[in-house]
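Engineer: based on what follows, work out the 3D shape:
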Amino acid sequence: MRKKTAQHKKRHINNRRLSDKYYYSGEHETTTGIRLVQYNEQKLQSREVKNTDLFSKLIDENMINWFQVSGLTDADTITRIVKDFGMHNLDAKDILTPQHVAKIEEYNNRLLIVLNSCYYNSNAEMQSEHISILIAGNTVISFTESNNPVFESTEKAIETNLLNLRKKGCGLLLVFLLNTVVSNMAETISKVEDHLEDLEEALLNTANDQSNMGIPIQQRRRDYMTVRKNSQPLKDQFPKLLRSETGIITPDILPLYGDISDQLQFISQTVESCREIISSLVDLYISNNDLRMNAIMKRLTVVSTVFIPLTFLTGVWGMNFKFMPELDWRYGYLFAWGLMLIAGILTWLFMKKKDWY
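Structural biologist: Got it, this is the predicted structure:
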């Protein structure tokens, strides 16, 4: 595991420097696979593509061509695809670097979108997925780190011709791809907010055992940071897509992009709400710890106070004077025990009446 981490760090450093060759710097070990989906109003077909194919030769000008590239471990193939569609070598670096910030770039009538999605898996663990989308003419190429069916809903939409998808151009296909990513982040941050509210209720209920509440708070804080890190740059970059001059976004589908912008705004607002909740949770957790510590100290103080007069009495009778009347008294021992018990009980009743504990 340590060797694997060191290898990823090494790849990460290599991709931060200018080079003629870049490597995948993520943690997924998914073998690179390519699937081509081609469709128009009358026809829909899909097939697997070999990594040795010349990708630009597979394009059908009369159809929308969607290459689904899953797995980024074959950096040479990724770079070849990017160059084959007229993009720069540095664009391949952005696709191969999951640590890259979200961005939208347009040049030479081509559009490159780099972003990161996040979601909870079946084990309720936060997962991130580096996604890149390249659009050139009637061709859309999506790159994902793993072979998880991230865009399964988009394929079903093509099959059912949802919103006349098969009659439209690449712009509508891009809407479905972006909507999948943004919807996942919106659902994820909503779950994070729900988890934080549950933690807040648990902390407000003093009857609960709160000794280990710091661990789930930190876990949800990390989840919040993941969503914030992935969503905020995309929200900042999204207006560039609406100002695109490639002609991808036509007036009839512009409201759909507006809906995605609204979802990004919702994510941003929910992220801000989570930040406030986390801040209050940390303060509440620290305050509860102080209260528990004060309660413990109060109990210890009560015990110590009860024994103060007892300690005084034992100290008096423990002095080594020769003439002490109690020493020769037949009932001196019983008198001493009785006096100590009475002193302890009176002290306890006095503190109880004053409501000191």
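
Engineer: what's the burial count for the closest residue to residue 96 other than its chain neighbours?
Structural biologist: Of all residues not flanking residue 96 in the chain, residue 24 sits nearest, at 4.8 Å (Cβ to Cβ, 6 or more residues apart in numbering). For every residue, glycine as well, the C-beta is placed using N, CA and C. Per other Cβ atoms under 10 Å, the neighbour tally for residue 24 reads 24.

Engineer: element containing residue 24?
Structural biologist: Per DSSP states H and E: residue 24 is located in neither a helix nor a strand.

Engineer: is it correct that it is in contact with residue 76?
Structural biologist: No: counting by Cβ atoms under 8 Å, residue 24 does not reach residue 76; the two are 10.5 Å apart.

Engineer: tell me where the stretch 101-250 of the chain is predicted with low confidence.
Structural biologist: Regions of the stretch 101-250 of the chain meeting the criterion pLDDT under 70 cover residues 210.

Engineer: for the stretch 251-357 of the chain, what spans make up the helices?
Structural biologist: Taking DSSP state H, counting those that start in this stretch as the test, the helices found in the stretch 251-357 of the chain are 254-317, 325-328, 332-353.

Engineer: to residue 222, which of the ones you listed lies closest?
Structural biologist: Proximity to residue 222 (Cβ to Cβ) singles out helix 254-317 among these, at 10.4 Å.

Engineer: just want the angle from that closest one to helix 332-353.
Structural biologist: Relative orientation of helix 254-317 and helix 332-353, computed by axes from the mean of the first three to the mean of the last three Cα atoms, to 10 degrees: 150 degrees.

Engineer: how far out from the middle of the chain is helix 254-317?
Structural biologist: Put simply, helix 254-317 sits 23 Å off its chain's centre (Cα atoms, centre = their mean, to the nearest Å).

Engineer: for that helix, enumerate the helices and strands it packs against.
Structural biologist: helix 170-204, helix 214-242, helix 332-353 (3 or more Cβ pairs under 8 Å, 6 or more residues apart in numbering; DSSP states H and E).

Engineer: most tightly surrounded among the ones you listed?
Structural biologist: Highest mean neighbour count among the helices and strands packed on helix 254-317 (mean count of other Cβ atoms under 10 Å): helix 170-204, with a mean of 19.

Engineer: summarise which helices and strands that helix is packed against.
Structural biologist: Going by 3+ Cβ pairs under 8 Å, 6+ apart, helix 170-204 lies up against strand 64-70, strand 110-120, strand 126-136, strand 139-144, helix 152-160, helix 214-242, helix 254-317.
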